[in-house]
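K.L.:
just the structure for this:
(chains A and B)
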Amino acid sequence: MTTVQEVQERVHIPLVHPRLPRTAPVIVAGIAVALGLLLLVLGMGLVPAVVIAAVAHLVVLPLWSVFVEGRRGATDRMMTGLIWATFLVAVVPLVSLLWRVVAKGAGRIDGTFLSYSFFKTQVDQPVGIYHAIIGTLIITIGAAVISVPVGVMAAIYLVEYGKKNKLAKAITFLVDVMTGIPSIVAGLFAFAVFTLVFGPAYVSGFGGSVALSLLMIPIVVRATEEMLMLVPDDLREAAYALGTPKWKTIVRIVLPTALGGILTGITLATSRVIGETAPLLLIAGATDRTNMNPFDGAMTTLPVLIYGQNLRGDAPAEAIAWGAAFILIIIVMVLNLVARIVGKIFAPKKG
Amino acid sequence: MTAPTAEIEDQPADWASVRGGIGDRIFSGAALAAGLTILAALAGVFIFLLAKGATGFSKPAGVYGPHAESFLGYVFPLLVGTFTASIIALIIAVPLAFGIALVISHYAPKWLSAPVAFVIDLLAAVPSVVYGLWGAFFLAKKLVPMHDWLHATFGGWPILGALFGEPSTAGRTVLTAGIVLAIMILPIITAITREVFSRTPRLHEEAALALGATRWEMIRMTVFPYSRSGMVSAVMLGLGRALGETMAVTMVLSVGFDLSWNIIAQSSPTSIAANVALKYKERSADLLNVLVATGLVLFLLTFLVNFAARWVIGRSERRMAR
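P.N.:
Reported below is the predicted structural model:
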């Protein structure tokens, strides 16, 4: 006869594991922060103090856990700490970079900085980045004018007409591959095309637009394609049932439904290429004057101007570079914000 | 049963096309043309680079400058520079990106994961030239103590010692360039891995948890095996980006021509992309041909890497669909 007690003694498996208190990570974090502050007070640099505090947190918590929860629990605690740490590590350069740009760039911004170009007609005339802002706008709009029709129509072909035939599959695949083309290669391509056609000394803003559109088209295609695939087939079938031709269905039913997502994609694609430098160095060149004609002569954009000032390297040039970087970051952030708002406004209404 | 349904499906299309007539034909033709334009553009890149750069492969020795005599001798140090910076970038970026992807897909509570993803997207939104500016004027100086420390600590070790030789005093080393590159390729690797991580079937995860696995064990047993090919192709796409990124290397690295294992040396060979950006200004026709030829090498290299990456991810998608 075995009694219940005997069985319990033989198979001693507790139903719950001992666990650390819920506040354990907070307590250890507090200790680590205290340690870091102590090191700071003792005269250690900010960076080593933070690193030592972080390591202390990542070591102490698993160590405590080993004694209470066992090896597996400790591993889990350590990995949780490490994985959150990766995010914090990635935030450090972003914050540092944005802080630098704002701290160094914002002070340089004033009325003359935005409304004068580098080209001086008088000796004491202030310099500004007006010519680069204009150049950025013209070249980017040019790239969008080329990319949007081609990208959107190609996506329409892939989703509405191709319907997974071999050609559509090949295009989808190559568009994916195309998103990885290095920007400098796009620049060399435009450079090769235009110098072969118009002679070796050719520079123009339009060439820059062509190079940028090579980078922009795949992004537009991917964004549009994804949005078109989200449009329910019921809508298309309802239109067909009323006798609407296919092209009219696409123009009047499918595109308006997907409009929000497509506009968001186009805006994001624009913000991606507006900061490109390398291709424009090669084909659009750089100039001190404001050039309004995209088909003739060099045209400076903000990124190229920043690079040029970086090459010069003296103090006023550095100040101009940071100021221009500040303006460029603001333009990119505004475009990103606009993309989000546009996506919200044009989102298909539910119910 | 199958035959009649097919007929019914066909009918509205025929009927509509009779009424739509010309409009439909024009519209579908335009859509097809746009699709073919993309194929033509990709082929055009190859053809025009070849047309302009073909002569660059075999110029007289003088064109390749003081440090090389043939195209191979010219492009080899550049390839070494390209790969050194890219591999350093990958070693730093890949673990970070996987960690961040896990934060977004599994660790962060719902309300927090969207802001976390937004912050990483912001990293992608910063223009490369601004990274270059930050790297050249700020990060390089800040990393000088780290260079000294690396040399002092690991300089005497048998194998690592070769990597951390005599340190640079300005910090404009291939290591610094690699760190800036790592920050720049972080978002793309994160974006793809977080996508595949979050596609892990909920049932797999819950089964692991129900068997008593801790969260990390659950991730190792269900999430990683399921997303292995996605992780591989994310790393390869990151490599593709790093190989072709121009401005970070151009602005940060101080260029030298001596091949050495020392990644914290005063100067190191630059990358193909950065070399084009640095040399294009000389505008001598011969050198430009050579530069376009190196660009062709870079294009084929990144094309292969991206092709392989997309192929891996495409194959796994088909397997999952089955």
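K.L.:
going forward, measure contacts between C-alpha atoms and count neighbours the same way
P.N.:
Noted.
K.L.:
got the contact list for A:V66?
P.N.:
A:73-74 (C-alpha atoms under 8 Å, 6 or more residues apart in numbering or on different chains).
K.L.:
quick one: mean pLDDT over the helix or strand containing it.
P.N.:
Counting by DSSP states H and E, the element that carries A:V66 is helix A:46-69. Mean pLDDT, helix A:46-69: 83.
K.L.:
ok now the helix or strand that that helix is followed by, how far from the chain's centre?
P.N.:
Once helix A:46-69 ends, the next helix or strand along the chain (criterion: DSSP H and E) is helix A:71-105. A distance of 18 Å separates the centroid of the chain from that of helix A:71-105, by C-alpha atoms, centre = their mean, to the nearest Å.
K.L.:
check stretch A:294-310 too.
P.N.:
Put simply, stretch A:294-310 sits 22 Å off its chain's centre (C-alpha atoms, centre = their mean).
K.L.:
put the alpha carbons of that stretch into PDB.
P.N.:
Coordinates of each C-alpha in stretch A:294-310 appear next as PDB, following Å, rounded to 0.1, in the frame of the first residue of the first chain:
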ATOM      1  CA  PRO A 294      16.900  72.000 -65.200                       C
ATOM      2  CA  PHE A 295      18.100  71.200 -68.800                       C
ATOM      3  CA  ASP A 296      21.200  73.400 -68.900                       C
ATOM      4  CA  GLY A 297      24.100  73.900 -66.600                       C
ATOM      5  CA  ALA A 298      25.100  72.700 -63.200                       C
ATOM      6  CA  MET A 299      22.600  72.800 -60.400                       C
ATOM      7  CA  THR A 300      23.400  72.500 -56.700                       C
ATOM      8  CA  THR A 301      21.300  70.600 -54.200                       C
ATOM      9  CA  LEU A 302      21.400  70.700 -50.400                       C
ATOM     10  CA  PRO A 303      23.200  67.400 -50.000                       C
ATOM     11  CA  VAL A 304      25.800  68.300 -52.600                       C
ATOM     12  CA  LEU A 305      26.300  71.700 -50.900                       C
ATOM     13  CA  ILE A 306      26.800  70.000 -47.600                       C
ATOM     14  CA  TYR A 307      29.400  67.700 -49.100                       C
ATOM     15  CA  GLY A 308      31.200  70.600 -50.800                       C
ATOM     16  CA  GLN A 309      31.400  72.600 -47.500                       C
ATOM     17  CA  ASN A 310      32.600  69.500 -45.700                       C
END
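K.L.:
that one near chain B at all?
P.N.:
Yes - counting by C-alpha under 8 Å from any C-alpha of the partner chain, chain B has neighbours in stretch A:294-310: A:303, A:306-307, A:310.
K.L.:
residue numbers of the stretch 201-322 of chain B in contact with chain A?
P.N.:
B:214-217, B:237, B:240-241, B:243-247, B:251, B:273, B:276-277, B:280, B:285, B:292, B:295-296, B:298-299, B:302-303, B:306-307, B:310.
K.L.:
which ones among the residues of stretch A:294-310 next to chain B map onto helices?
P.N.:
Mapping the residues of stretch A:294-310 next to chain B onto helices (DSSP state H) picks out A:303, A:306-307, A:310.
K.L.:
next SSE after the helix or strand hosting B:A248?
P.N.:
Under the criterion of DSSP H and E, B:A248 resides in helix B:247-252. The C-terminal neighbour of helix B:247-252 among helices and strands, as given by DSSP H and E, is helix B:272-279.
K.L.:
please tell me how far that following helix is from the chain's geometric centre.
P.N.:
17 Å.
K.L.:
now the helix or strand just after it: average pLDDT?
P.N.:
Once helix B:272-279 ends, the next helix or strand along the chain (criterion: DSSP H and E) is helix B:285-321. The average pLDDT for helix B:285-321 rounds to 82.
K.L.:
before we move on, back to that, the residues of stretch A:294-310 next to chain B: which two are farthest apart?
P.N.:
A:P303 and A:N310 (10.5 Å; C-alpha to C-alpha).
K.L.:
between the two, which one's more packed in?
P.N.:
A:P303 (27 against 23; other C-alpha atoms under 10 Å in any protein chain shown).
K.L.:
roughly how far apart are that one and A:Q309?
P.N.:
Note on A:P303: its distance to A:Q309, by C-alpha to C-alpha, to the nearest Å, is 10 Å.
K.L.:
centroid residue for chain A?
P.N.:
By C-alpha atoms, centre = their mean, chain A has its centre lying nearest to A:R272, at 6.6 Å.
K.L.:
now for the closest residue to that residue other than its chain neighbours, how many residues are close by?
P.N.:
In space, A:R272 comes closest to B:A125 once its chain neighbours are excluded; the distance is 6.6 Å by C-alpha to C-alpha, 6 or more residues apart in numbering or on different chains. B:A125 has 21 neighbours, counted by other C-alpha under 10 Å.
K.L.:
list the contacts for B:A125?
P.N.:
A:271-272, A:332-333 are the contacts of B:A125 under C-alpha under 8 Å, 6+ apart.
K.L.:
turn those residues into JSON lines, including distance to B:D148 and pLDDT.
P.N.:
Listed next are the contacts of B:A125 as JSON lines, based on distance: C-alpha to C-alpha, whole Å; pLDDT from 0 to 100:
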{"residue": "A:S271", "distance to B:D148": "39", "pLDDT": "88"}
{"residue": "A:R272", "distance to B:D148": "37", "pLDDT": "87"}
{"residue": "A:V332", "distance to B:D148": "37", "pLDDT": "90"}
{"residue": "A:M333", "distance to B:D148": "37", "pLDDT": "89"}
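K.L.:
quick one: which of those is nearest B:G56?
P.N.:
A:R272 (31.8 Å).
K.L.:
so how far is A:P200 from that closest one?
P.N.:
Distance from A:R272 to A:P200, by C-alpha to C-alpha: 29 Å.
K.L.:
likewise A:F67?
P.N.:
74 Å.
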